[in-house]
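[1] Fold the stuff below for me.
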Amino acid sequence: MKVLLVATVQSHICQFHRPLVAMLHEHGCEVHVAARNNLAEKNGLKLDFVEQVFDVPFQRSPFSPKNLGAYKQLKKIIDEGSYDVIHCNTPVGGVLGRLAARKARKRGTKVFYTAHGFHFYKGSPKKNWLIWYPVEKFMCRHTDKLITINEEDYQLARSRFRVETCHIHGVGVSMSRYHPHSAKEEEALRKEESLSAQDFVVLCTGELNANKDQRTLIDAAVLCHDSIPELKVLLAGNGPLESTLREQVSENHAEGYIRLLGYRTDLERVVPAADVIVSCSHREGLGLNLIEGMLCGKPVIAVENRGHRELVEDGVTGYLIPAGDSRALAEVLVKLYKSGARQRLGQAGYEKARLYTDQNVKRELKELYGYEEN
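    Numbering: from 1, shown residues only. Next comes the predicted model:
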């Protein structure tokens with residue numbers, strides 16, 4: 001079988017679809033990728049685990065005129081490629097991929113779309129419903145399987161769209177990379193990051209942008225630093241707000257306890273060194289960084305949204321806070337610092353996160369692609 005993965009950018013495939021590609025290779029499939037090459041921005045990511053890569057200049061904005069040229073290039077790739085399955089991802093890649101695959105679909109090619117979090121959801125801006133909801137409803141006509149990764153999106157799609165709708169537990173986090181470590185191993189990893197055993201380490205990973213809202217974590221750290229003198233906040237990632245966040249740290253004279261790590265491809269060596277994992281994202285389809293932390297046995301604090309609610313039961317596997325509420329975040333950080341609940345929360349989170357491992361998701365993907373379990 002021959003499969004084409006379509007996404008807006010190649011880093012998306014690198015970061016989220018290794019388990020899918022591994023499952024397809026296990027069943028003798030040839031896998032190609034069509035996406036814009038943005039790997040130079042991602043400090044070491046490599047798309048070296050598929051058979052062929054097409055650099056298609058998709059733009060994130062659906063209104064960019066450059067997407068017309070990208071569509072034409074993608075259609076040529078599909079028309080000449082004789083693919084058995086075209087598996088689309090990301091909003092722009094998902095729309096253009098399914099449009100370009102219409103002719104191939106009539107010849108028998110199956111077209112899948114994984115929604116990594118609909119832009120329209122309970123509480124989202126009205127414009128999201130006005131723009132993206134009718135687009136997705138129309139695109140379902142050109143889709144054989146719509147794949148969702150959280151329960152809210154799954155229920156919405158089942159009730160409103162005429163398409164076969166599936167639910168899987170995310171994209172599959174590697175258990176070989178993210179797992180509980182011994183105290184001695186964690187101490188060694190802390191030393192690699194110039195952290196001491198006494199430090200109270202808070203880690204937040206993700207692109208530095210408005211949606212991820214690292215500003216709220218910085219404000220919270222400033223508020224609670226007097227109560228947590230050993231506080232160390234690590235921000236891993238790069239993005240458009242990097243200089244703004246550095247200025248915020250500087251203005252608060254917080255360089256001694258807030259550190260921007262840049263983009264890291266070795267987060268499996270950073271996550272175990274943390275005491276708490278934080279996500280301030282206003283919108284998430286699921287929350288990969290939380291799953292990584294939970295698999296390492298770490299308690300998590302997350303802004304309440306549909307993706308985070310999927311993972312975090314407040315007070316059981318972690319804590320949920322309102323979006324943009326730095327004071328609430330500071331209060332929870334102090335609570336975790338002073339209480340003995342971290343181990344209990346971390347263990348409950350680990351049990352929950354096992355559903356989202358690469359091993360489990362590969363089993364779900366096998367069923368989705370029609371492969372029988374041995």
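
[2] for this protein, what spans make up the strands?
    2-9, 30-36, 52-55, 85-89, 110-115, 145-148, 164-167, 200-205, 231-236, 258-262, 276-279, 300-303, 318-321 (DSSP state E).

[3] who touches the second one?
    This means strand 30-36. 1-10, 12-13, 21, 24-25, 47, 50-59, 70, 74, 77, 81, 83, 93, 97 (C-beta atoms under 8 Å, 6 or more residues apart in numbering). To be clear about C-beta, it is placed using only N, CA and C from the backbone, and glycine gets the same treatment.

[4] Kindly check the end-to-end length of stretch 305-321 for me.
    With C-alpha to C-alpha, to the nearest Å as the measure, stretch 305-321 spans 9 Å from end to end.

[5] Buried residues in that stretch, which are they?
    Of the residues in stretch 305-321, 305-312, 317-321 count as buried by neighbour count, 16 or more other C-beta atoms under 10 Å.

[6] Next: stretch 250-265.
    Asn252, Ala254, Tyr257, Ile258, Arg259, Leu260, Tyr263, Arg264.

[7] could you dump those to CSV with pLDDT and distance to Phe200?
    Below are the buried residues of stretch 250-265 laid out as CSV (pLDDT from 0 to 100; distance: C-beta to C-beta, whole Å):
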residue, pLDDT, distance to Phe200
Asn252, 98, 18
Ala254, 98, 15
Tyr257, 98, 10
Ile258, 98, 13
Arg259, 98, 14
Leu260, 98, 18
Tyr263, 92, 24
Arg264, 92, 20
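
[8] Now render those residues as TSV, adding distance to Cys140.
    Listed next are the buried residues of stretch 250-265 as TSV, based on distance: C-beta to C-beta, whole Å:
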residue	distance to Cys140
Asn252	48
Ala254	48
Tyr257	49
Ile258	44
Arg259	45
Leu260	41
Tyr263	35
Arg264	37
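
[9] List just the nearest of those to Gly108.
    Distance to Gly108, by C-beta to C-beta, is smallest for Tyr263 among the buried residues of stretch 250-265, at 41.0 Å.

[10] and that closest one, what does it touch?
    Tyr263 neighbours (C-beta under 8 Å, 6+ apart): Glu41, Lys42, Asn43, Ala236, Gly237, Asn238.

[11] ok, now with 10 Å
    11, 41-45, 205, 207-208, 236-239, 242 (C-beta atoms under 10 Å, 6 or more residues apart in numbering).

[12] Just the ones of the residues you listed in helices?
    Per DSSP state H, helices hold the following members of these: Ser11, Glu242.

[13] Now the strands of the chain in JSON lines, please, with extra columns for distance to Lys127.
    Output for the strands of the chain, formatted as JSON lines (distance: least, C-beta to C-beta, whole Å):
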{"stretch": "strand 2-9", "distance to Lys127": "20"}
{"stretch": "strand 30-36", "distance to Lys127": "25"}
{"stretch": "strand 52-55", "distance to Lys127": "32"}
{"stretch": "strand 85-89", "distance to Lys127": "23"}
{"stretch": "strand 110-115", "distance to Lys127": "18"}
{"stretch": "strand 145-148", "distance to Lys127": "22"}
{"stretch": "strand 164-167", "distance to Lys127": "24"}
{"stretch": "strand 200-205", "distance to Lys127": "28"}
{"stretch": "strand 231-236", "distance to Lys127": "30"}
{"stretch": "strand 258-262", "distance to Lys127": "32"}
{"stretch": "strand 276-279", "distance to Lys127": "24"}
{"stretch": "strand 300-303", "distance to Lys127": "21"}
{"stretch": "strand 318-321", "distance to Lys127": "26"}
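
[14] Tell me which of the ones you listed sits nearest to His179.
    strand 276-279 (14.5 Å).

[15] Can you list the strands that the closest one pairs with?
    Counting by DSSP bridges, the strands paired with strand 276-279 are strand 200-205 (parallel), strand 300-303 (parallel).

[16] Now do the same for the last one: mean pLDDT, whole number.
    Predicted confidence along strand 300-303 averages 98 (mean pLDDT).

[17] for it, which positions count as buried?
    For strand 300-303, by 16+ other C-beta under 10 Å, it's Val300, Ile301, Ala302, Val303.

[18] From Val92, how far out is the first one?
    When you say that, I think you mean Val300. 30 Å (C-beta to C-beta, to the nearest Å).

[19] Ok, the second one next?
    From Ile301 over to Val92 the distance is 32 Å, taken as C-beta to C-beta.

[20] Check the third one too.
    Note on Ala302: its distance to Val92, by C-beta to C-beta, is 27 Å.

[21] quick one on the thing from earlier: with the contacts of Tyr263 in mind, which one is nearest to Leu146?
    Among the contacts of Tyr263, Ser11 lies closest to Leu146 (C-beta to C-beta), at 23.4 Å.

[22] Now for the closest one: which residues touch it?
    Counting by C-beta under 10 Å, 6+ apart, Ser11 touches Ala35, Arg36, Asn37, Asn38, Leu39, Ala40, Glu41, Lys42, Leu45, Leu47, Tyr263.

[23] Ok, His116 next?
    By C-beta under 10 Å, 6+ apart, His116 lies in contact with 7, 12, 16, 89-91, 94, 147-150, 153, 170-171, 284-286, 288, 307.
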